[in-house]
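Undergrad: sequence and computational prediction follow.
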Amino acid sequence: MNVVVLDVGMGNLFSLTSALGFLGAKHVVTAEAEELSQASHVILPGVGAFDAAMERIEALGLYEVLRTIALDTKVPFLGVCLGMQLMFDSSEEGERSGLRLMPGRFTKLTADIGVKLKVPHVGFDRTYGYRREGMFAEQAESAHFYFTHSFALNSLEADCNVAMCDHSSPFVAAFQHENVCGVQFHPEKSQSTGLQLLADFLTI
């Protein structure tokens, strides 16, 4: 196993690499295309702005590299938080196109002061609706994960294994489509449930 954590300069990677270390997963943090070509699994984390992250990916010459790895070579590929958003067509947050690994556009979450729902959505929250297989194989029928985000995807095509969460209205908390996976939450900050999800991703 050779897990590549893609470093595009968008966020602190310490928690994620610590989680992988705890799981005993051999990993490297890099933005080098050559390292990516040797990966058994690729994780794209991110914290920050959509356009800035896409600019960085393009500046590093990784746009087509990542598309080839995910869509052609079929390497297991996981986007985390902003990393999940970058896997899709676009976001209301920015003007640039994403990696277009999956169809969809992210929109800003809606606050509801009456029931104390604020934006950004921060903290542990319940997910539901997924099949217990693949990345979700060892999860209970509903599991709580740690979120911190302001934009979300409302729905996804039916042939994906999708975990939903509610914040004013339902949104996609996580998905798996063959080798392409994404989580809007932070598994590395979600205690035992997050560690289990990462472990199951590494078996894909």
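TA: Nice, I can see it.

Undergrad: mind giving me the packing neighbours of the helix or strand of the chain with the lowest mean pLDDT?
TA: Within the chain, no helix or strand scores below helix 33-37, which has a mean of 92 by mean pLDDT, DSSP states H and E. Where contact means 3 or more CB pairs under 8 Å, 6 or more residues apart in numbering; DSSP states H and E, helix 33-37 is packed against strand 3-6, helix 63-67. The C-beta positions use only the backbone N, C-alpha and C, and glycine is treated the same way.

Undergrad: and the helices in the chain?
TA: Remark: helices assigned in the chain by DSSP state H are 14-22, 33-37, 50-59, 63-67, 82-86, 191-201.

Undergrad: can you tell me which of those helices is most buried?
TA: For these, average neighbour numbers computed from mean count of other CB atoms under 10 Å are highest in helix 82-86, which has a mean of 26.

Undergrad: pLDDT on that helix, on average?
TA: With pLDDT averaged residue by residue, helix 82-86 scores 97.

Undergrad: equivalent analysis for stretch 189-198, please.
TA: For stretch 189-198, the mean pLDDT works out to 97.

Undergrad: ditto for stretch 66-77
TA: For stretch 66-77, mean pLDDT rounds to 98.

Undergrad: for stretch 106-126, same thing?
TA: Averaging pLDDT along stretch 106-126 gives 87.

Undergrad: what's the first-to-last distance across it?
TA: Terminal residues of stretch 106-126 lie 20 Å apart, using CA to CA, to the nearest Å.

Undergrad: return the distance of it from the chain's centre.
TA: Remark: stretch 106-126 is offset 19 Å from the chain centroid, using CA atoms, centre = their mean, to the nearest Å.

Undergrad: contacts for it?
TA: 50, 85, 88, 90-93, 142-154, 165-169, 171, 173, 185, 190 (CB atoms under 8 Å, 6 or more residues apart in numbering).

Undergrad: again, 7 Å this time
TA: Residues from elsewhere that reach stretch 106-126, judged by CB atoms under 7 Å, 6 or more residues apart in numbering: 85, 88, 91-93, 142, 144-154, 165, 167-169.

Undergrad: for it, buried residues please.
TA: Under the neighbour-count criterion of 16 or more other CB atoms under 10 Å, stretch 106-126 has 106, 109, 111, 119, 121 buried.

Undergrad: ok, residue 62 touching residue 35?
TA: No. If you go by CB atoms under 7 Å, residue 62 and residue 35 don't touch, sitting 11.0 Å apart.

Undergrad: next, count neighbours for residue 186.
TA: Burial measure for residue 186: 21 neighbouring residues, criterion other CB atoms under 10 Å.

Undergrad: ok, for it, nearest residue in space, not its chain neighbours?
TA: Of all residues not flanking residue 186 in the chain, residue 146 sits nearest, at 5.1 Å (CB to CB, 6 or more residues apart in numbering).

Undergrad: so who does the one you found touch?
TA: Shown in contact with residue 146 (CB under 7 Å, 6+ apart): 123, 124, 185, 186, 189, 190.

Undergrad: again, but for residue 154
TA: 107, 171.

Undergrad: circling back: select, out of the helices of the chain, the one closest to residue 129.
TA: Closest to residue 129 of these, according to CB to CB: helix 191-201, at 15.0 Å.
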